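**Student:** let me see the structure of the following:
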Amino acid sequence: MKKLLKKIMPTSLRSRSSLAIIVTAAVLVEVTSAVQYFFAKEGIRQEVEHRAESELRAKSLEIRNVMNVVEVAVENMAWAVEQRLSMPDSMWVVTQKLLADNEDIVGSAVAFEPYYYKGKGRQFSPYSYKHDGITTSKQLGSDEYDYHTMEWYTAPMQSGQGHWSEPYFDEGGGEMMMSTYSMPIRDASGRQVAVFTADVSLDWLSEVINASHIYPTSYNLLLSRTGQIMACPIESLVMRKSIEEVTGKMEDTTMNHINSEMLAGNSGQATVHDANGEKNYVFYAQMDGKTGWSMAVVCSDREIFYSLRQVGFNLFLLMLFGLALLGFIIWRVARSARRLQEVNAEKERIGNELYIASKIQTAMLPKTFPPYPDCKEISIFGQLNPAKAVGGDLYDFYIRDNHLFFCIGDVSGKGVPASLVMAVTRALFRTISSHESRPEQIVTRLSNTIAEDNEMNMFVTLFVGSIDLQTGLMRYCNAGHDAPLLISKGGRRIGLLPVDSNIPAGVMQGWGFSCQETSIDNGTTIFLYTDGLTEAENISHGQFGDQRILDTAQAAFAKGGVSPRVLVEQMTEAVHSFVGEAEQSDDLTMMAILYDRKDTDHMPDSTGKAEIHHSITLPNDIEKVPELHDFVNNIAEDAELDPSLSMSIDLAIEEAVVNVMNYAYPQGTKGTVNIVGTIEDNWLQFVITDTGIPFDPTVQEDADTTLSAEDRPIGGLGIFMVRQIMDSVSYERTEGKNVLTLKKDICVK
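**Tutor:** Okay, the predicted model is just below:
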């Protein structure tokens with residue numbers, strides 16, 4: 001045996017350890033396969049049982065429905081027979097009516113007691129039946145056809161109740177295989193004087209029973225209450241043999257037990273072997289109702305578990321293949337050891353190249369802080385710590401047109417591919433935002449560009465925002481990125497910025513990214529980060545999480561004012577303390593932006609030109625409207641407006657504010673209206689904001705001034721006057737507020 005092993009096995013597999021591995025693997029695979037086979041077989045058996053029970057219920061319900069229709073039809077027409085007992089010749093009308101109204105009934109008779117009508121003789125039974133679609137009537141009783149001795153007559157007369165007869169061939173009557181439902185008829189004194197019947201052909205039973213099967217070779221069996229075979233796949237046995245005659249010679253005596261159980265009206269299941277020794281599963285149950293019929297479903301064991309046995313055989317082949325593959329792997333591992341030194345040398349060379357790439361990537365991001373020493377409204381600090389030599393995170397920011405444009409993103413994947421997409425994303429942000437101010441448009445165009453010919457299916461989670469340094473209005477678009485943290489002045493309020501999730505940039509072209517906006521109060525810090533912060537793991541695989549971010553921020557601001565640099569540094573320390581000795585698994589990028597507008601009335605823009613800024617807040621009380629005059633006049637004086645123009649603007653602002661008070665706040669509702677007036681370059685702008693119900697005055701149609709005051713409908717004149725005076729009127733609903741913006745070009749023409 002040892003010599004044979006030496007010949008068929010490589011040298012590297014001859015060691016005891018290699019053989020032990022292969023033998024252990026073989027035993028484990030074999031045990032696992034056996035356990036899986038056992039549970040799979042049990043599951044299939046339970047499934048077959050469930051399907052068989054469903055088949056029994058479905059077939060029983062289908063047959064029972066027909067029987068119920070017949071029973072109800074007979075019982076509903078019985079009154080007509082009892083009403084016509086004095087008119088024997090009218091019984092044919094009743095039977096013909098029953099056949100005409102019920103397509104399932106092929107024959108009907110009213111069979112009377114002997115000599116009930118002396119003039120009609122001993123046997124009088126008006127009978128109607130269908131033959132080839134034609135209804136025919138005849139006198140059923142005769143010396144040759146003595147119905148007084150037949151089951152369908154004697155059983156209901158004895159029991160006084162409706163009765164389904166055993167299946168029989170009605171020779172001399174309907175001339176077909178049928179079962180009859182009959183019920184007694186009583187005269188006015190309550191004496192049973194006749195039987196009212198409905199015949200049902202049994203031809204349809206075979207179609208119902210054999211219409212479908214749970215397996216191709218399975219079959220269904222229907223027995224009468226005496227064991228007569230009423231339906232089965234072998235037509236020669238139907239109504240010619242009983243179940244005991246067919247199974248009496250079988251060697252497996254289990255079938256005798258099944259026959260007894262079915263004739264007793266019981267339900268159950270059993271396993272039997274047929275004459276060929278084939279194992280079969282039999283599921284049986286009695287049908288509901290008065291028939292006493294029983295049904296069985298027979299399934300072959302060979303067919304039920306055929307697929308499982310095929311799978312078992314295939315698994316055995318796979319096990320052999322797996323063992324052979326295991327031996328091959330061991331041999332390959334032994335051969336690969338000598339290449340390790342070459343791989344290490346190559347790894348060192350790649351490491352040097354990645355170090356250079358890392359330096360290039362770092363140089364692309366902002367690294368001078370503070371970035372805008374002369375801009376007092378904003379303070380920024382950002383930091384990127386890649387998990388590998390190069391990473392896929394990015395952040396960027398710059399000021400254009402007195403707006404701060406900024407972004408933070410995380411490219412899917414890591415390493416060189418992610419770093420390349422990162423570089424492209426940062427370049428696209430700079431290029432697109434240089435002439436596009438809406439964040440959602442910046443993200444949309446950037447996403448479409450990345451998605452084009454994106455064969456590697458790379459994408460970027462991205463957050464893009466812009467802050468108006470004059471008003472503090474921040475517009476932003478989120479593309480599948482983590483929500484930033486908003487920290488009010490002094491850390492009094494800390495929470496996540498509500499964001500629409502959207503999909504990451506680059507996933508598909510044509511996606512409509514949404515835009516959101518909010519007002520940033522003075523002293524608010526916006527803290528942005530990638531999932532490398534929330535998903536930073538310690539040695540126990542616990543994650544840093546959102547709550548630790550909030551706790552760290554609260555702890556930082558609890559000590560007083562915190563600059564963006566200090567916030568990022570303390571967050572970094574908290575992460576390193578949490579992670580401990582665990583290896584960094586993802587790029588870690590953070591950026592903090594502090595918005596702190598020092599002067600609310602005179603603010604320099606990015607070009608150094610002064611802007612005049614006034615604001616007033618009024619309750620929604622019409623009597624407070626006169627306070628607007630001084631407010632508008634002060635702005636007009638600062639803008640050095642002509643008195644007539646000043647008066648027109650005053651009228652327009654008053655009309656707009658009154659509109660808001662009347663419609664945004666229903667009667668009895670308290671609220672405020674805030675009006676902000678700014679003068680910049682050659683434009684005078686008024687922004688009217690309220691927190692009332694949604695109300696857009698711009699959708700109102702202008703009043704038709706060509707009509708007389710009597711003919712002109714109420715409404716529309718105010719907004720018409722505002723549009724005539726101001727050069728621009730726009731409305732938007734944001735952050736639960738109505739925002740109406742009015743602009744006037746005050747350039748001296």
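
**Student:** correct me, but Val625 touches Val658?
**Tutor:** Yes: with contact defined as C-beta atoms under 8 Å, Val625 counts as touching Val658 (6.1 Å). Using the backbone N, CA and C atoms, a C-beta is placed for each residue, glycine as well.

**Student:** mind checking the backbone torsions on Ser379?
**Tutor:** Backbone geometry at Ser379, expressed as degrees, to the nearest 10, gives phi -140, psi 130.

**Student:** no wait, Ile229
**Tutor:** phi -80, psi 110.

**Student:** quick one: the closest residue to Ser142 other than its chain neighbours from Phe381, how far?
**Tutor:** Spatially, and ignoring its direct neighbours in sequence, Ser142 is nearest to Gln123 (6.4 Å; C-beta to C-beta, 6 or more residues apart in numbering). Applying C-beta to C-beta, to the nearest Å, the value for Gln123 to Phe381 is 113 Å.

**Student:** next: Ser730.
**Tutor:** 36 Å.

**Student:** more neighbours: which of those two?
**Tutor:** Phe381 (20 against 10; other C-beta atoms under 10 Å).

**Student:** and the helix or strand the more buried one falls within, which strands flank it?
**Tutor:** Phe381 belongs to strand 378-385 when elements are defined using DSSP states H and E. Strand pairing for strand 378-385, determined by DSSP bridges: strand 588-595 (antiparallel).

**Student:** just the buried residues of the strand it pairs with, please?
**Tutor:** Applying a neighbour-count criterion of 16 or more other C-beta atoms under 10 Å, one finds Leu588, Thr589, Met590, Met591, Ala592, Ile593, Leu594, Tyr595 buried in strand 588-595.

**Student:** do you know the pLDDT at the second one?
**Tutor:** Right, Thr589. Looking at Thr589, its pLDDT is 94.

**Student:** now do the contacts for it.
**Tutor:** 382-385, 393-395, 408, 410, 529-530, 532-533 (C-beta atoms under 8 Å, 6 or more residues apart in numbering).

**Student:** where is pLDDT lowest across these?
**Tutor:** Ranking the contacts of Thr589 by pLDDT, Asn385 lands last with 87.

**Student:** send me stretch 573-592 as CSV with only the CA atoms.
**Tutor:** Provided in CSV are the C-alpha atoms of stretch 573-592 (Å, rounded to 0.1, in the frame of the first residue of the first chain):
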residue,chain,number,x,y,z
GLU,A,573,-7.8,62.2,18.9
ALA,A,574,-11.1,60.7,19.9
VAL,A,575,-11.0,58.3,16.9
HIS,A,576,-7.4,57.2,17.6
SER,A,577,-8.2,56.7,21.3
PHE,A,578,-11.2,54.6,20.3
VAL,A,579,-9.5,52.5,17.6
GLY,A,580,-6.4,51.8,19.7
GLU,A,581,-4.1,49.2,18.1
ALA,A,582,-6.6,48.3,15.4
GLU,A,583,-5.5,48.9,11.8
GLN,A,584,-7.2,51.8,10.0
SER,A,585,-9.6,50.2,7.5
ASP,A,586,-10.9,53.2,5.6
ASP,A,587,-9.9,56.7,4.6
LEU,A,588,-10.6,59.3,7.3
THR,A,589,-11.6,62.8,6.0
MET,A,590,-13.0,65.7,8.0
MET,A,591,-13.7,69.3,7.3
ALA,A,592,-15.1,72.0,9.6
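
**Student:** tell me how far that stretch lies from the chain's centre.
**Tutor:** Distance of stretch 573-592 from its chain centroid, counting by C-alpha atoms, centre = their mean, to the nearest Å, is 36 Å.

**Student:** export the contacts of Thr589 as TSV, with columns for neighbour count and distance to Cys232.
**Tutor:** Below are the contacts of Thr589 laid out as TSV (neighbours: other C-beta atoms under 10 Å; distance: C-beta to C-beta, whole Å):
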residue	neighbour count	distance to Cys232
Gly382	24	83
Gln383	19	83
Leu384	22	79
Asn385	16	79
Asp393	29	74
Leu394	29	76
Tyr395	23	79
Ile408	25	76
Asp410	27	69
Tyr529	27	74
Thr530	27	72
Gly532	25	72
Leu533	26	73
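
**Student:** which of those sits closest to Leu140?
**Tutor:** Proximity of the contacts of Thr589 to Leu140 (C-beta to C-beta) peaks at Asp410, which lies at 90.9 Å.

**Student:** who does that closest one bridge with?
**Tutor:** Following DSSP bridges, Asp410 is listed with bridge partners Asp393, Thr461.

**Student:** quick one: the helices in the stretch 1-150 of the chain?
**Tutor:** 2-8, 16-83, 91-101 (DSSP state H, counting those that start in this stretch).

**Student:** out of those, which gets nearest to Met157?
**Tutor:** Smallest distance to Met157 across the helices of the stretch 1-150 of the chain (C-beta to C-beta): 14.3 Å, for helix 16-83.

**Student:** which strands and helices sit next to that closest one?
**Tutor:** helix 91-101, strand 177-186, strand 192-201, helix 203-209, strand 279-286, strand 294-300, helix 301-304, helix 306-336 (3 or more C-beta pairs under 8 Å, 6 or more residues apart in numbering; DSSP states H and E).

**Student:** got the buried residues for the fourth one?
**Tutor:** If I follow you right, that is helix 203-209. Residues of helix 203-209 classed as buried by neighbour count (16+ other C-beta under 10 Å): Leu205, Ser206, Val208, Ile209.

**Student:** hmm, who's touching the helix or strand encompassing Val676?
**Tutor:** Using DSSP H and E, the element containing Val676 is strand 672-680. Here strand 672-680 makes contact (C-beta under 8 Å, 6+ apart) with 470-471, 605, 609, 611-620, 628, 631-632, 635, 638-639, 653, 657, 660-661, 664, 684-691, 746.

**Student:** just the ones of those in strands?
**Tutor:** The members of the contacts of strand 672-680 that map onto strands under DSSP state E are 611-619, 684-690.

**Student:** now, which of these sits nearest Asp187?
**Tutor:** Checking the ones in strands among the contacts of strand 672-680 one by one against Asp187 (C-beta to C-beta), the nearest turns out to be Asp690, at 88.8 Å.

**Student:** any idea what the closest one is bridged to?
**Tutor:** Beta-bridge partners of Asp690, as defined by DSSP bridges: Val673, Asn738.

**Student:** my guess is it meets Tyr663, correct?
**Tutor:** No: look at Asp690 against Tyr663 with C-beta under 8 Å: they stay out of range, at 9.9 Å.

**Student:** comparing these two, which residue is more hemmed in?
**Tutor:** Asp690 (23 against 17).

**Student:** now do the contacts for the more buried one.
**Tutor:** Neighbours of Asp690 in contact, by C-beta under 8 Å, 6+ apart: Asn620, Val660, Ala664, Tyr665, Gly671, Thr672, Val673, Asn674, Lys737, Asn738.

**Student:** any idea how many residues pack against the fourth one?
**Tutor:** When neighbours are counted by other C-beta under 10 Å, Tyr665 registers 21.

**Student:** next: the fifth one.
**Tutor:** Per other C-beta under 10 Å, the neighbour tally for Gly671 reads 16.

**Student:** repeat that for the last one.
**Tutor:** Counted with other C-beta under 10 Å, residues neighbouring Asn738 total 22.

**Student:** now swap in Leu326 and tell me
**Tutor:** 17.

**Student:** that one touches Thr24, doesn't it?
**Tutor:** No: counting by C-beta under 8 Å, Leu326 stays clear of Thr24, with 10.3 Å between them.

**Student:** average pLDDT for stretch 133-146?
**Tutor:** Stretch 133-146 shows a mean pLDDT of 85.

**Student:** got it, and stretch 274-285?
**Tutor:** On average, stretch 274-285 scores 79.

**Student:** how about stretch 53-63?
**Tutor:** On average, stretch 53-63 scores 79.

**Student:** buried ones in that stretch, by neighbour count?
**Tutor:** Neighbour-count burial for stretch 53-63 flags Glu55, Leu56, Lys59, Ser60, Ile63 (criterion: 16+ other C-beta under 10 Å).
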